[in-house]
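*Asks:* Test case, fold it:
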Amino acid sequence: MDGILLVNKRIGWTSRDVVNKIIRIFRTKKVGHTGTLDPFASGLLIITINKGTKISSYLEGLDKSYIAEVCLGKSTDTLDLTGNVIDEREVNLPIDKDALNNALLSFIGDIKQVPPMYSAIKIDGEELYKKARRGEVVERKERDVHISSIDILSIVDNTFTMKVDCSKGTYIRSLGTDIADKLGYGGHLTKLTRTRVGKYLLENAKDVEELNEEDIISINDALSYMDTRVVYGEWEKRARNGVPLYLGESKLVYVKNEKNEPLAIYELREDGKHYSLRGIF
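*Replies:* Sure, this is the predicted structure:
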């Protein structure tokens, strides 16, 4: 019972709520999640279970897709509908589609984002959202993210819905409000759904209460996006013991044995050898 689960998170649930539910359903304490979804958001949440918790960091780095609804004219302190309105402006209707498309185009590619105050990032050992609730504002470092594409799905009155393909670490709340600011109106997110993480799609996820052991995806499948090597005999012993190996030119290599048992993840270094990053067993 080691691997990952695809959960369709409900609106109103925290990511931790889902973890707690899985702990009760599967009667194991070794449960985690990759890529937090805010309570107001819904969609695909990847849950790691038992030895699958050891590969969380390699799943968090996968590209993601979202569908987001942005309301123009009202800015909130949380950048979404759960916050307090801090600025309000009149929106000229109908929304200028050309201006909107030009605004979207300006965010495609490599961009920098400042994490919002209402986020789970820790500074000085405390989550930013806890500081924000006390009225504190602290300096946050910009982070580099990549937006692969943004497509408009619909425009209704002062609200537009967009599909975003992006790198890990992208704050869609920040992206939505930045686009709204670019248009000169300000705005906030009213809906957010994560539809994809790597190769995994929301359409294949289940409500947490519908899950059972048959829904667990193996570690082999979860790491299939990596270059994979099957090792035998002495090399298997070396992999189990974390001994450096020569595994070709790929940056990351997933190593398993002939029985399809996960062994380790190796990383290529400057000396041409691969070094063990994570022994799975």
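*Asks:* what about the strands in the stretch 51-200 of the chain?
*Replies:* For the stretch 51-200 of the chain, the strands defined by DSSP state E, counting those that start in this stretch occupy 64-72, 74-76, 85-88, 109-113, 122-123, 126-127, 143-156, 159-166, 187-197, 200-201.
*Asks:* can you tell which of these is closest to Glu249?
*Replies:* strand 143-156 (23.4 Å; C-beta to C-beta). (Glycine included, C-beta is placed from N, CA and C.)
*Asks:* What strands line up against the closest one, and which way round?
*Replies:* strand 109-113 (antiparallel), strand 159-166 (antiparallel) (DSSP bridges).
*Asks:* highest average neighbour count across those strands?
*Replies:* strand 159-166 (a mean of 20; mean count of other C-beta atoms under 10 Å).
*Asks:* Just want the angle from it to strand 187-197.
*Replies:* Comparing the axes of strand 159-166 and strand 187-197 via axes from the mean of the first three to the mean of the last three C-alpha atoms, to 10 degrees yields an angle of 40 degrees.
*Asks:* which residues sit against strand 159-166?
*Replies:* Contacts to strand 159-166, defined as C-beta atoms under 8 Å, 6 or more residues apart in numbering, come from residues 63-72, 95, 100, 104, 145-155, 170, 172, 175-176, 190-191, 195-196.
*Asks:* as a whole number, average confidence for it?
*Replies:* Mean per-residue pLDDT for strand 159-166: 98.
*Asks:* give the contact list for the most centrally placed residue in the chain.
*Replies:* Nearest to the mean C-alpha position of the chain, counting by C-alpha atoms, centre = their mean, stands Gly35 at 3.7 Å. Applying C-beta under 8 Å, 6+ apart, we find Gly35 in contact with 45-46, 59-60, 64, 168, 194, 197.
*Asks:* Give me the buried positions along stretch 260-270.
*Replies:* Neighbour-count burial for stretch 260-270, counted by 16 or more other C-beta atoms under 10 Å, picks out 262-266, 268.
*Asks:* show me where the stretch 151-281 of the chain has helices.
*Replies:* For the stretch 151-281 of the chain, helices defined by DSSP state H, counting those that start in this stretch occupy the ranges 172-182, 219-222, 233-240.
*Asks:* okay, the angle between the first one and strand 64-72?
*Replies:* To tie it back to what came earlier, the one meant is helix 172-182. 40 degrees.
*Asks:* The chain should start at 58 in everything you say after this.
*Replies:* Shifting the count to begin at 58 puts that one at helix 229-239.
*Asks:* Please enumerate residues in contact with helix 229-239?
*Replies:* Helix 229-239 is contacted from outside by 95, 123, 125, 127, 129, 132, 135-137, 157, 160-161, 163-164, 170-173, 204, 219, 221, 223, 243-246, 249, using C-beta under 8 Å, 6+ apart.
*Asks:* in that helix, what counts as buried?
*Replies:* For helix 229-239, by 16+ other C-beta under 10 Å, it's 229-237.
*Asks:* Please render those residues as TSV that adds pLDDT to the earlier fields.
*Replies:* TSV is the format used below for the buried residues of helix 229-239 (pLDDT from 0 to 100):
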residue	pLDDT
Ile229	96
Arg230	94
Ser231	94
Leu232	96
Gly233	96
Thr234	95
Asp235	95
Ile236	97
Ala237	97
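*Asks:* could you measure Tyr303 against Asn159, distance?
*Replies:* Tyr303 sits 50 Å away from Asn159, going by C-beta to C-beta, to the nearest Å.
*Asks:* ok, now Leu119?
*Replies:* In this view, Leu119 and Asn159 are 30 Å apart by C-beta to C-beta.
*Asks:* of those two, who's got more company?
*Replies:* Taking other C-beta atoms under 10 Å, Leu119 and Asn159 do not tie; Leu119 has more neighbours (17 against 12).
*Asks:* between the contacts of Gly92, which has the most around it?
*Replies:* For the contacts of Gly92, counting by other C-beta under 10 Å, the largest number of neighbours falls to Leu102: 26 neighbours.
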